[in-house]
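In: Return atomic coordinates for the entry below.
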Amino acid sequence: MKKLHFIKLSLAASVFASGAAIANEDTESKIANLESQIAALREDVKSNNLDTVNKWHMAGYSNVDFVGGSDRQEDGFTSARFAPIFHYQFSDRVLFEGELEVNTNADGETEIAAEYATIDLMLNDYMALVAGKFLSPIGQFRQNVHPSWINKLPTVPVGFGEGGAAPLADLGVQLRGGFPLSGSMRANYALYTSNGPTLVVDPADGEVELESEPAAGNADGNFVYGGRVGFLPVPALELGLSGAFGKMGVGQGSVSELAQGEPDRDYTVLGADAIYNIATLQLRGEFIQQTVGSEANSTILGGAAAEELEYTAWYGQAAYRVPDTKWEGVVRLGDLDTPDADANRSQWSAGVNYLFTNNVIIKAAYTVDDYDDNATDDDKRFNVQLAYGF
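Out: Residues are numbered from 1 along each chain as shown. Now for the predicted structure:
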């Protein structure tokens, strides 16, 4: 009996040992196979110098606007905007980013525009090469603050939107990035070259407009070179200086139709900006000036557009969020000066915001435009905006 029990135990031990050996061989085989695959992937990454990882992300913002009490327009809802922002990243080296603006115009039609669309190559930890249509790196507002859920007021500062004094976008290439200095000090930069703007003159009445939206072409063959440098002596304070220079052609009625025999003009941009955050108080200010050189040999309308042209704008803004609440107060002063005397004005706005969350905000503001031309009536209005960033 004991002998039979011993035989059973021996057989069980033999079967267990055989199974363990087979399982061990199977595990070792799987491990060897995985190590082989990992080695192959490493060689693939090494040969391409890229990770084979794709990432897709969508963000953006939306807003609905209402204007009331204006002396220059009827009361009503004036905007329903949807601005999706797309990001597609391949490894840590290549990124596509683009923003579309889908809006309803005054005729009830849907308009779609590409705010920017770029391919970004990450050259190293401190530098990226950006190519395509990008928001102007001159100043702060256009490239960092223009989304409605980030802007503290329902309107843009006077002179920093369409038909103003600040450049809006460029078509070209730029190098941008940032780097540490001593201690907590930091610096950032953006250097670019682009097709630049065009001076468009209406041959019917001689009205001059500096077209700051880039065209998919370069009819005058000129380029603009410039950039911005930012310095953060402490994390709460950033000081920036911007500049650009180059040549620009003159269009007769449109950007692509150059005026025959019209000489190119010198073009320069100067700008300065500052932002300071302390607790729940944010202070922000910006100055921009674009200058188009004079040309004595101008042929348009017998030299009517020959003089030097300056487009200047500035604003100062303070926003204070009441601690431990969802309420925020904002005030802003600004001024615009251009060759178009009818558009020149100073502006002040005062508003109050309620933040449902940091990215959902309803804003109400009272704005006064004081036009330089006494023949032009001043405008006083209420603006209300519901903005959502996602």
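
In: all contacts plus neighbour counts: C-alpha atoms, from now on.
Out: OK.

In: What's opposite Phe382 in the beta bridge?
Out: On the basis of DSSP bridges, Phe382 is bridged to Gly68, Tyr366.

In: show me the contacts for it.
Out: 67-70, 364-367 (C-alpha atoms under 8 Å, 6 or more residues apart in numbering).

In: my guess is Ala274 meets Leu237, correct?
Out: Yes: counting by C-alpha atoms under 8 Å, Ala274 touches Leu237, with 7.5 Å between them.

In: Of these two, give the one with the bigger neighbour count.
Out: Ala274 (20 against 16; other C-alpha atoms under 10 Å).

In: Model confidence at that one, what's the number?
Out: As predicted, Ala274 sits at a pLDDT of 97.

In: Within the helices and strands, which one has it?
Out: strand 265-278 (DSSP states H and E).

In: Next one: Ser47, what pLDDT does it get?
Out: 55.

In: With the one 5 residues further on instead?
Out: The predicted structure scores Thr52 at 54 on the pLDDT scale.

In: do the same with the one 3 residues further on
Out: Reported pLDDT at Lys55 in the predicted model: 87.

In: Okay, the nearest residue to it once chain neighbours are set aside and Val173: tell me how far apart.
Out: The shortest distance from Lys55 to any non-neighbouring residue, by C-alpha to C-alpha, 6 or more residues apart in numbering, is to Gln89 (5.0 Å). Distance, Gln89 to Val173, by C-alpha to C-alpha, to the nearest Å: 19 Å.

In: The two: which is more packed in?
Out: Between Gln89 and Val173, counting by other C-alpha under 10 Å, Val173 is the more crowded of the two (20 against 17).

In: Skip the chain neighbours and tell me the closest residue to that one.
Out: Ala131 (4.3 Å).

In: What mean pLDDT does the strand or helix carrying the one you found get?
Out: Following DSSP H and E, one finds Ala131 within strand 127-135. What strand 127-135 shows for mean pLDDT is 96.

In: Now the helix or strand following it: buried residues?
Out: Counting by DSSP H and E, the next helix or strand C-terminal to strand 127-135 is strand 169-180. Neighbour counts over strand 169-180 (16 or more other C-alpha atoms under 10 Å) mark 169-178 as buried.

In: May I see the buried residues of the host helix or strand of Glu115?
Out: Glu115 belongs to strand 110-124 when assigned by DSSP H and E. Of all the residues in strand 110-124, those buried under the rule 16+ other C-alpha under 10 Å are 115-122.

In: contacting residues around it?
Out: With C-alpha under 8 Å, 6+ apart as the criterion, strand 110-124 contacts 92-105, 128-135, 169.

In: rerun at 7 Å
Out: 93-105, 128-135 (C-alpha atoms under 7 Å, 6 or more residues apart in numbering).

In: Find the nearest non-adjacent residue to Glu99, please.
Out: Ile85 (4.3 Å).

In: Tell me, how many residues neighbour the one you found?
Out: 19.

In: repeat for the one 10 residues further on
Out: Residues within reach of Leu95, counting by other C-alpha under 10 Å, total 19.

In: Look at it and report its pLDDT.
Out: Leu95 is given a pLDDT of 94.

In: For it, list the residues it contacts.
Out: 87-89, 119-121.

In: where are the low-confidence patches of the stretch 1-150 of the chain?
Out: 1-26, 43-52 (pLDDT under 70).

In: What sits closest to the residue nearest to the spatial centre of the chain if chain neighbours are left out?
Out: Note on the chain: the residue nearest the mean C-alpha position is Gln143, at 3.3 Å, using C-alpha atoms, centre = their mean. In space, and not counting its chain neighbours, Gln143 is closest to Leu135: 5.4 Å by C-alpha to C-alpha, 6+ apart.

In: With Pro339 as the reference, measure out to that neighbour.
Out: From Leu135 to Pro339 the distance is 24 Å (C-alpha to C-alpha).

In: Over to Phe231?
Out: 33 Å.

In: Make sure I have this right: the residue nearest to Lys55 is in a strand.
Out: Yes: applying DSSP: H, G, I helix; E, B strand; the rest coil, one finds Gln89 inside a strand.

In: OK, contacts around it?
Out: 54-56, 95-96 are the contacts of Gln89 under C-alpha under 7 Å, 6+ apart.

In: Among those, name the buried ones.
Out: Looks like those have 95-96 buried, using 16+ other C-alpha under 10 Å.

In: Filter the contacts of Gln89 down to the ones in strands?
Out: The strands, defined by DSSP state E, take in 54-56, 95-96 from the contacts of Gln89.

In: Can you list the low-confidence ranges for the stretch 251-390 of the chain?
Out: 296-306.

In: which residues of it fall in strands?
Out: 265-278, 281-292, 309-321, 327-337, 345-357, 360-371, 379-389 (DSSP state E, counting those that start in this stretch).

In: Adding distance to Arg81, write the ones you listed out as JSON lines.
Out: Output for the strands of the stretch 251-390 of the chain, formatted as JSON lines (distance: least, C-alpha to C-alpha, whole Å):
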{"stretch": "strand 265-278", "distance to Arg81": "27"}
{"stretch": "strand 281-292", "distance to Arg81": "25"}
{"stretch": "strand 309-321", "distance to Arg81": "24"}
{"stretch": "strand 327-337", "distance to Arg81": "23"}
{"stretch": "strand 345-357", "distance to Arg81": "19"}
{"stretch": "strand 360-371", "distance to Arg81": "15"}
{"stretch": "strand 379-389", "distance to Arg81": "9"}
